[in-house]
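Student: model this:
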Amino acid sequence: MRINIPHYGIDLRVILLAISDHLPYRKLIFGPKINDRADVVVPTIKSKFTTNPKNGFLVIQYRTRKVKVPMKIENRKMSEETIDIIFAYLERIKINYPIP
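Tutor: Numbering: from 1, shown residues only. Down below sits the predicted model:
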């Protein structure tokens, strides 16, 4: 028997939308703790990951993986389509899920 219970992670999409004006212009470190020297603290993520804009792409690094996402900028902010792609990738690697 399998029971589907939603995870209790904080909604990363809302956080990414809130900082959409910073994402295309500076490197950000997301961390689970305040003392990790993180720019953005999300208590429910497993471990640190970074976003770094380079040559029209947003490079997302989690542990040893690096993924390039093409950036679309609207009104000096990252577009919602790009944020949806980033969020889908972060959900796929289950970074915002509790550690079993």
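
Student: show me where this protein has strands.
Tutor: With strands called from DSSP state E, the chain shows them at 28-31, 40-41, 49-54, 57-62, 65-70, 73-74, 77-78.

Student: okay, those strands, which one's buried deepest?
Tutor: Highest mean neighbour count of the strands of the chain: strand 77-78, a mean of 21 (counted as mean count of other Cβ atoms under 10 Å). Placement of C-beta: from N, CA and C, glycine included.

Student: quick check: mean pLDDT across that one?
Tutor: Averaged across strand 77-78, pLDDT comes to 94.

Student: neighbouring strands for that strand, and are they parallel or not?
Tutor: As defined by DSSP bridges, the strand partners of strand 77-78 come to strand 73-74 (antiparallel).

Student: sorry, back to before: the strands of the chain: which one's closest to residue 21?
Tutor: Counting by Cβ to Cβ, residue 21 lies closest to strand 77-78 out of the strands of the chain; the figure is 4.7 Å.

Student: Contacts for the closest one, please.
Tutor: For strand 77-78, contacts defined as Cβ atoms under 8 Å, 6 or more residues apart in numbering pick out 16, 20, 21, 23, 24, 58, 71, 72.

Student: With stretch 85-100 instead?
Tutor: Under Cβ under 8 Å, 6+ apart, the answer for stretch 85-100 is 7-10, 12-13, 16, 42, 44-47, 49, 51, 58, 60, 62, 65, 67, 69.

Student: quick one on the thing from earlier: TSV for the strands of the chain, including distance to residue 94?
Tutor: Output for these, formatted as TSV (distance: least, Cβ to Cβ, whole Å):
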stretch	distance to residue 94
strand 28-31	15
strand 40-41	19
strand 49-54	12
strand 57-62	11
strand 65-70	13
strand 73-74	28
strand 77-78	23
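
Student: Is residue 84 in contact with residue 13, as I believe?
Tutor: Yes. Applying Cβ atoms under 8 Å, one finds residue 84 in contact with residue 13, separated by 7.4 Å.

Student: Fine by me, thanks again.
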